[in-house]
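*Asks:* Sequence isn't available, so here's the structure alone:
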């Protein structure tokens with residue numbers, strides 16, 4: 001018999017809030033966290049908007065020395081992990097640390113450090129780059145430092161599957177507990193790529209919106225969409241085997257019921273035109289949860305705001321859900337917090353847990369122009385109520401990576 005996996009702690013930091021309650025409150029209200037960027041190094045760039053974290057002080061979670069030695073994505077991960085473990089109430093002294101693990105992802109890692117040290121190397125010579133350059137920039141360091149912080153000595157891994165990274169991290173952590181390899185997992189993702197190099201790279205591949213109006217920049221499913229808006233942030237969840245959580249009297253926030261994963265095996269950046277790869281991940285997650293498609297009430301879509309993604313994801317939902325697709329509430333919270341790349345799946349999973357708790361689907365804001373290729377209920381403008389015990393969160397990444405998580409209300 002498969003073991004049940006529940007969520008007992010959550011931490012979130014992104015453009016619309018620095019804790020879960022603020023993030024949920026602002027998402028429900030449709031608050032836009034996108035703003036005009038200050039020019040990098042005084043240089044004009046085509047992209048002028050992003051969704052940065054606001055008023056984040058890393059020294060609230062670590063001392064000044066550790067903050068100086070850490071890249072921003074790691075700082076955000078430690079901040080969110082601290083929130084999550086405090087909410088969970090887990091005391092490592094009362095646990096078997098070898099049965100407590102970590103799977104925290106990032107799509108790119110310490111890009112801010114890579115960029116800064118490259119400039120330093122050009123100016124002073126590459127033998128003069130910081131000795132902390134490598135350990136602070138590598139993608140797995142958020143996972144490693146969170147494990148150190150929490151005292152978790154079980155499996156510590158870092159999934160890197162582009163924009164599907166943290167959904168895959170959560171799914172693999174879920175399987176670790178369900179299949180008996182751990183009792184507790186800290187999981188999710190962190191990302192901070194609002195840098196000259198990051199913005200420039202995605203601009204060069206024509207992935208980013210060049211809109212000047214922050215309210216019309218990230219507009220998933222809108223006919224005038226032209227790309228995503230870069231965001232940053234971190235989302236961390238504490239997962240536990242259900243009986244373990246109940247035995248220590250933990251408050252259960254939600255349950256992970258199923259996980260589906262697939263690969264388009266098609267193109268470096270473009271999804272399959274018919275959405276069949278994403279549909280396979282959704283259908284696999286539903287099957288894994290042991291439910292029927294009609295039991296899902298809400299989907300937090302990948303919904304990047306790129307022309308192809310939103311069209312293909314709409315087709316995927318129709319394939320996976322059939323006639324029920326038109327009865328679903330489907331929204332993209334990237335319209336408010338931008339696209340946080342490797343952190344997006346975790347932040348969106350957290351919002352999906354809160355959506356189930358409140359039976360409210362947060363909106364897709366900024367939407368104005370109907371697109372016949374995206375003709376489902378995308379919850380435009382204002383949040384909507386929905387019915388059902390189950391909801392889904394989707395992530396689709398470069399390389400054809402697709403991941404879907406089914407969550408159950410408690």
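*Replies:* Perfect, thanks for sending it. What you see is a predicted model, and the numbers here were worked out from it, not measured in a lab.

*Asks:* Now residue 41: closest residue in space that isn't a chain neighbour?
*Replies:* Spatial nearest neighbour of residue 41, chain neighbours left out: residue 196 (6.4 Å); criterion: CB to CB, 6 or more residues apart in numbering. Backbone N, C-alpha and C define where each C-beta goes, glycine included.

*Asks:* mind listing what the one you found touches?
*Replies:* 40-41, 43, 45, 115 (CB atoms under 8 Å, 6 or more residues apart in numbering).

*Asks:* what's the answer for residue 173, then?
*Replies:* 101, 103, 182, 185-187, 239.

*Asks:* Can you check the pLDDT for it?
*Replies:* Looking at residue 173, its pLDDT stands at 98.

*Asks:* Let's verify it: helix, strand, or coil?
*Replies:* Of the three states, residue 173 takes helix under DSSP: H, G, I helix; E, B strand; the rest coil.

*Asks:* Test my guess that residue 193 contacts residue 341.
*Replies:* Yes - if you go by CB atoms under 8 Å, residue 193 and residue 341 touch, sitting 6.2 Å apart.

*Asks:* Looking at these two, which is more packed in?
*Replies:* residue 341 (32 against 28; other CB atoms under 10 Å).

*Asks:* any idea how far that one lies from residue 309?
*Replies:* Per CB to CB, to the nearest Å, residue 341 is found 13 Å from residue 309.

*Asks:* Could you list which residues are in contact with residue 233?
*Replies:* 12-15, 53, 76, 190-192, 337, 340, 343, 347.

*Asks:* next one: residue 51
*Replies:* Counting by CB under 8 Å, 6+ apart, residue 51 has contacts 14-15, 33-35, 194, 218, 229-232, 336-338, 340.

*Asks:* Dihedrals phi and psi, it?
*Replies:* phi -130, psi 80 (degrees, to the nearest 10).

*Asks:* Likewise for residue 140?
*Replies:* phi -90, psi 0.

*Asks:* Please verify my assumption that it contacts residue 158.
*Replies:* Yes - contact criterion CB under 8 Å: residue 140 and residue 158 qualify, at 3.8 Å.

*Asks:* neighbour-wise, which of these two wins?
*Replies:* A direct count of neighbours by other CB under 10 Å for residue 140 and residue 158 places residue 158 higher, at 21 against 18.

*Asks:* The more buried one: what's it in contact with?
*Replies:* Counted by CB under 8 Å, 6+ apart, residue 158 has contacts 103-106, 139-140, 142-143, 169.

*Asks:* Kindly provide the distance from it to residue 165.
*Replies:* 8 Å.

*Asks:* Residue 214 and residue 326, how far apart?
*Replies:* 31 Å.

*Asks:* more neighbours, those two?
*Replies:* Neighbours per residue (other CB under 10 Å) separate residue 214 from residue 326, with residue 214 holding more: 21 against 12.

*Asks:* Quick check, pLDDT for the residue nearest to that one when sequence neighbours are not counted.
*Replies:* Once flanking residues are discounted, residue 214 sits nearest to residue 34: 4.1 Å by CB to CB, 6+ apart. If you check residue 34, the pLDDT there is 98.

*Asks:* Need phi/psi at residue 34.
*Replies:* phi -90, psi 140.

*Asks:* who touches it in this structure?
*Replies:* Per CB under 8 Å, 6+ apart, neighbours of residue 34: 15, 49-51, 214-215, 217-218, 229, 231, 336, 338.

*Asks:* Among those, which ones are in helices?
*Replies:* Judged by DSSP state H, the subset of those located in helices is residue 336.

*Asks:* Show me where the stretch 101-250 of the chain has its helices.
*Replies:* 111-124, 133-137, 141-150, 165-178, 196-204, 242-247 (DSSP state H, counting those that start in this stretch).

*Asks:* need the strands for the chain, in chain order.
*Replies:* Using DSSP state E, the strands of the chain run over residues 5-13, 35-36, 49-50, 100-105, 156-157, 184-192, 232-241, 254-263, 296-300, 329-331, 360-361, 384-385, 390-397, 401-408.

*Asks:* picking up where we left off before, using a markdown table, lay out the contacts of residue 196 together with distance to residue 360.
*Replies:* Output for the contacts of residue 196, formatted as a markdown table (distance: CB to CB, whole Å):
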| residue | distance to residue 360 |
| --- | --- |
| 40 | 38 |
| 41 | 42 |
| 43 | 42 |
| 45 | 37 |
| 115 | 39 |
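
*Asks:* Just give me the least confident of the residues you listed.
*Replies:* Ranking the contacts of residue 196 by pLDDT, residue 41 lands last with 77.

*Asks:* The worst-scoring helix or strand of the chain on mean pLDDT: how far from the chain's middle?
*Replies:* When the helices and strands of the chain are compared on mean pLDDT, DSSP states H and E, helix 64-69 comes out lowest with a mean of 93. Between the centre of helix 64-69 and the centre of its chain there are 25 Å (CA atoms, centre = their mean, to the nearest Å).

*Asks:* same deal with stretch 304-311?
*Replies:* For stretch 304-311, the distance to the chain centre is 17 Å (CA atoms, centre = their mean).

*Asks:* what do you get for stretch 74-81?
*Replies:* That offset, for stretch 74-81, works out to 14 Å (CA atoms, centre = their mean).

*Asks:* ok, and for that stretch, which residues are buried?
*Replies:* The neighbour-count check on stretch 74-81 (16 or more other CB atoms under 10 Å) flags 74-81 as buried.

*Asks:* what does stretch 201-209 give?
*Replies:* Buried residues in stretch 201-209 (16+ other CB under 10 Å): 202-203, 207-209.

*Asks:* Next, count neighbours for residue 400.
*Replies:* 22.

*Asks:* ok, so what distance separates it from residue 266?
*Replies:* With CB to CB as the criterion, residue 400 and residue 266 are 5 Å apart.

*Asks:* hmm, back to that, wait, which of the contacts of residue 233 is closest to residue 387?
*Replies:* residue 347 (24.3 Å; CB to CB).

*Asks:* Can you show me the helices along the stretch 251-400 of the chain?
*Replies:* Going by DSSP H, counting those that start in this stretch, the stretch 251-400 of the chain shows helices at 276-289, 307-321, 334-337, 344-358.

*Asks:* quick one, which of those is nearest to residue 110?
*Replies:* Of all the helices of the stretch 251-400 of the chain, helix 344-358 comes closest under CB to CB, at 17.9 Å.
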